[in-house]
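# Dropping the sequence and predicted coords here.
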Protein chains: 4
Amino acid sequence: MEEKEIQTFSKREQKKQLNRQNIINAAIQLFSSKPFSEVSMRAIAKDANVSPGLIYQYFDDQQHLFMTAFKIESTNLLNALRQTIEIQDDQLAVIARKYIDYMFRHDNLYQMMTYFMLENDHHGSVSAGLRNITDDLFAIFREALSKHLPEKQLKSAAQLFFASLNGILITYKNLPGRSQEATWQHIEHLVEVLVATIKRAYPE
Amino acid sequence: MEEKEIQTFSKREQKKQLNRQNIINAAIQLFSSKPFSEVSMRAIAKDANVSPGLIYQYFDDQQHLFMTAFKIESTNLLNALRQTIEIQDDQLAVIARKYIDYMFRHDNLYQMMTYFMLENDHHGSVSAGLRNITDDLFAIFREALSKHLPEKQLKSAAQLFFASLNGILITYKNLPGRSQEATWQHIEHLVEVLVATIKRAYPE
Amino acid sequence: MEEKEIQTFSKREQKKQLNRQNIINAAIQLFSSKPFSEVSMRAIAKDANVSPGLIYQYFDDQQHLFMTAFKIESTNLLNALRQTIEIQDDQLAVIARKYIDYMFRHDNLYQMMTYFMLENDHHGSVSAGLRNITDDLFAIFREALSKHLPEKQLKSAAQLFFASLNGILITYKNLPGRSQEATWQHIEHLVEVLVATIKRAYPE
Amino acid sequence: MEEKEIQTFSKREQKKQLNRQNIINAAIQLFSSKPFSEVSMRAIAKDANVSPGLIYQYFDDQQHLFMTAFKIESTNLLNALRQTIEIQDDQLAVIARKYIDYMFRHDNLYQMMTYFMLENDHHGSVSAGLRNITDDLFAIFREALSKHLPEKQLKSAAQLFFASLNGILITYKNLPGRSQEATWQHIEHLVEVLVATIKRAYPE
DNA sequence: TATGAATGAGAGTTCATTCAT
DNA sequence: GATGAATGAACTCTCATTCAT
């Protein structure tokens, strides 16, 4: 009897977590097919096979759900980048490329990152999330740059590097009048120039 | 009699132009206090002391009004930057600084530029506007970089420089946890590092 | 306990169906007091004691709501006519009279039918509804005419008969300058002439 | 001097009448390309090269302008039908065909006629116009039927005939699912059946 | 825990009409 | 007589969110 209850509870708990996960997945999925601001709570609920009301049991409001989805997606990016950190040769170029490649192909992450970067009425807890992710990414670039720059300059250089990559994406990713392929090549080229410039300024 | 008629006509025309200007001003004003996508036509009309319907006499739709406002504000920026082009000493640093300074202080322009950069369903004429402004800005940076780099590398370098400045702004301007003053100093510092890196890579 | 749950569920469902019905009723009601194209969703919501948004939970859009209302009302008419089909004596006259009588007294159905007949941008599913009703009505008239005409001519004759009745209504129902009573007598008379003409042309 | 004034006045008067005519023409023109209820005063003014305000100098409101346009167009129809009245052979068939042919090809007149027939809040003077036109049309059909029916039955028969033709048009002209050509053939056929039925009922 | 019916404010946009010029 | 700038109410429809069940 007791076991049954525990199991029931456990099943419930599982279902609960599954629902939560489904909601997040549905959100992430929708972000890749629609402009960020057009993803509605109703649509998420529908795709997650869940009632709209349930979303508010797991997330305070839309912002918090979006931020959670962002955190999860950016964790994937971080993992992908961390795998690269082992590489020794031309680490800087490889990481930079991996970063923009990931962002270019994962429109949902790109959309979310830019969305949160542009928001300026950060309500405490939500914004802290962005900060964490930014810091984590920054740490990776710092590591990759450590061969090229002295410790003293490392922090600023890493921040600059990170910012420049973002700038390249944001400035040119949606600039009209080019095919997707041409846009990608342009971005790739600019990243190469960025890496080359840094290497030139700070040879190993 | 004739004078009176002219004056009468003039008065009407003045009122008309005033209304048009008020609409644009109201829009620009609102862009600095609210996320771009949350500025409503009704709010603009109200702030401009004008009926909602009147806006559509001057602008085809919301997008066109927004683009017009963006053009006007960016023209101001371009003029400010062009004045700086005369300066000979340390032109690159001065222009870079002026650009981010302007963007930092004019939140409306910053909001608008990033908004249009992130939009990806550009409908023809509207998107052409963004392209023009981007090109104009790019030309200024190209000019400022021409002393440092050979002709061959100039184009990419200017694009990269422009992108990096945007990236610095976007990545750090709204990053929470810092005072406005501290944020500004951080951005300023990164721009200095950017300029220094370029100079180091490509001495005059 | 179980009963209570069922009842609870039932209450909710009842309220829901009541709202849905209220919306349709409000729409139907408004159609009899206003030109069809002037009935607004707001007015319907207000008369149904429901928020405007709720209407869109039950109906895709205005067209679908209108079509639903039309179907319901025309079903009532069809049922009324089908009851008459049992009658043997002078079936044609009785059915014709019943049809125009119903239409004359139910201004809402009259408004709706003419509205959909005059619409010319029928978007798929909506237009199919009109077609169905038209066909059903046509079948009834065909049946009533089957005594008078040979099989070969039946189809066209039924279509013509149906069209003529509509024409009488549309041409004279709102023709100004007559009292409602006089108008009705005029229409009734014309229908008698129509039936008489057919009988004269095609005696049993 | 006086002559000049007269001429000036005359010219003015001419211009005035021209404007009035242009407004009506623009309206009539627009009715053939758009659903009746979607023709706006602004659009009419624009097409007539006239300011929106001027329309209200010539016409009390939209309804009156529309009615005026309707009268003019229906006069054209009446003239076309009157030319046919001379014909001796098979006059009834010829006139019926001419009527539906004209209506079928002149969508603007068809739209207007049905519009005014369905209106039920006739404000005096406007509705009188419809009455006149209806009566004129009726007279023509009466004339065409005079060979077939005795004087006593003529009036009702003419009204019925007119109503039936309208009914055929309204019931089948926009019934979806048929090509325009097929629709026309169907209508033509029903009119033939109508004429045949009358001839059969009342041989010459 | 989970539902989903319901809210009601708010979005962009259009319109006939007016009136100062 | 003629203009056209301006109104402001009205339109359909969407949305995040709530709460009785």
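That came through fine. Everything numeric in this text was worked out from a predicted model, so none of it was measured.

# is stretch A:25-35 up against DNA strand F anywhere?
No - Stretch A:25-35 stays clear of DNA strand F (CB under 7 Å from any atom of the strand), getting no nearer than 9.3 Å. (C-beta placed from N, C-alpha, C; glycine too.)

# Does A:Ile87 touch A:Val94 like I think?
Yes - between A:Ile87 and A:Val94 there is a contact at 5.4 Å, judged by CB atoms under 8 Å.

# which of these two has more neighbours?
Ranked by neighbour count (other CB atoms under 10 Å in any protein chain shown), A:Ile87 and A:Val94 place A:Val94 first, with 17 against 13.

# which SSE is that one in?
When elements are assigned from DSSP states H and E, A:Val94 belongs to helix A:91-105.

# what helices or strands is that helix leaning on?
Counting contacts by 3 or more CB pairs under 8 Å, 6 or more residues apart in numbering or on different chains; DSSP states H and E, helix A:91-105 is packed against helix A:62-84, helix A:107-118, helix A:125-145, helix A:151-172, helix A:180-201.

# switch the cut-off to 6 Å
helix A:62-84, helix A:125-145, helix A:151-172, helix A:180-201 (3 or more CB pairs under 6 Å, 6 or more residues apart in numbering or on different chains; DSSP states H and E).

# can I get the CA coordinates of that helix in PDB?
Extracted in PDB, the C-alpha atoms of helix A:91-105 (Å, rounded to 0.1, in the frame of the first residue of the first chain):
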ATOM      1  CA  GLN A  91      42.500  27.200 -30.700                       C
ATOM      2  CA  LEU A  92      41.400  30.800 -31.000                       C
ATOM      3  CA  ALA A  93      40.300  30.400 -34.600                       C
ATOM      4  CA  VAL A  94      38.500  27.100 -33.900                       C
ATOM      5  CA  ILE A  95      36.600  28.400 -30.900                       C
ATOM      6  CA  ALA A  96      35.600  31.600 -32.600                       C
ATOM      7  CA  ARG A  97      34.300  29.700 -35.600                       C
ATOM      8  CA  LYS A  98      32.500  27.200 -33.500                       C
ATOM      9  CA  TYR A  99      30.800  30.000 -31.600                       C
ATOM     10  CA  ILE A 100      29.500  31.900 -34.600                       C
ATOM     11  CA  ASP A 101      28.700  28.600 -36.400                       C
ATOM     12  CA  TYR A 102      26.500  27.500 -33.600                       C
ATOM     13  CA  MET A 103      24.800  30.800 -33.300                       C
ATOM     14  CA  PHE A 104      24.300  31.000 -37.000                       C
ATOM     15  CA  ARG A 105      22.700  27.600 -37.200                       C
END
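
# Okay, buried residues for that helix please.
Neighbour-count burial for helix A:91-105 flags A:91-100, A:102-104 (criterion: 16 or more other CB atoms under 10 Å in any protein chain shown).

# Equivalent analysis for stretch A:46-59, please.
Quick answer for stretch A:46-59 (16+ other CB under 10 Å): A:Asp47, A:Ala48, A:Val50, A:Leu54, A:Ile55, A:Tyr58, A:Phe59.

# dump the residue contacts of the last one.
Same thing as A:Phe59. A:Leu65 (CB atoms under 6 Å, 6 or more residues apart in numbering or on different chains).

# Give me the local confidence score for it.
Looking at A:Phe59, its pLDDT stands at 95.

# what's the spacing between it and chain D?
Shown here: A:Phe59 relative to chain D, a distance of 44 Å by CB to the nearest CB, to the nearest Å.

# cool, and the second one?
Relative to chain D, A:Ala48 is positioned 39 Å away (criterion: CB to the nearest CB).

# okay, the closest residue to A:Val195 other than its chain neighbours: pLDDT?
Sequence neighbours aside, A:Ala93 is the residue nearest to A:Val195 in space, at 4.8 Å (criterion: CB to CB, 6 or more residues apart in numbering or on different chains). With respect to pLDDT, A:Ala93 has a value of 92.

# cool, the one 3 residues further on as well?
Listed pLDDT for A:Ala96 reads 94.

# go on, A:Ala157?
92.

# got it, and A:Ser125?
In this prediction A:Ser125 is given a pLDDT of 63.

# So which residues on chain A come close to DNA strand F?
Counting by CB under 7 Å from any atom of the strand, chain A sits next to DNA strand F at A:Glu38, A:Val39, A:Ser40, A:Met41, A:Arg42, A:Pro52, A:Gly53, A:Tyr56, A:Asp61, A:Gln62.
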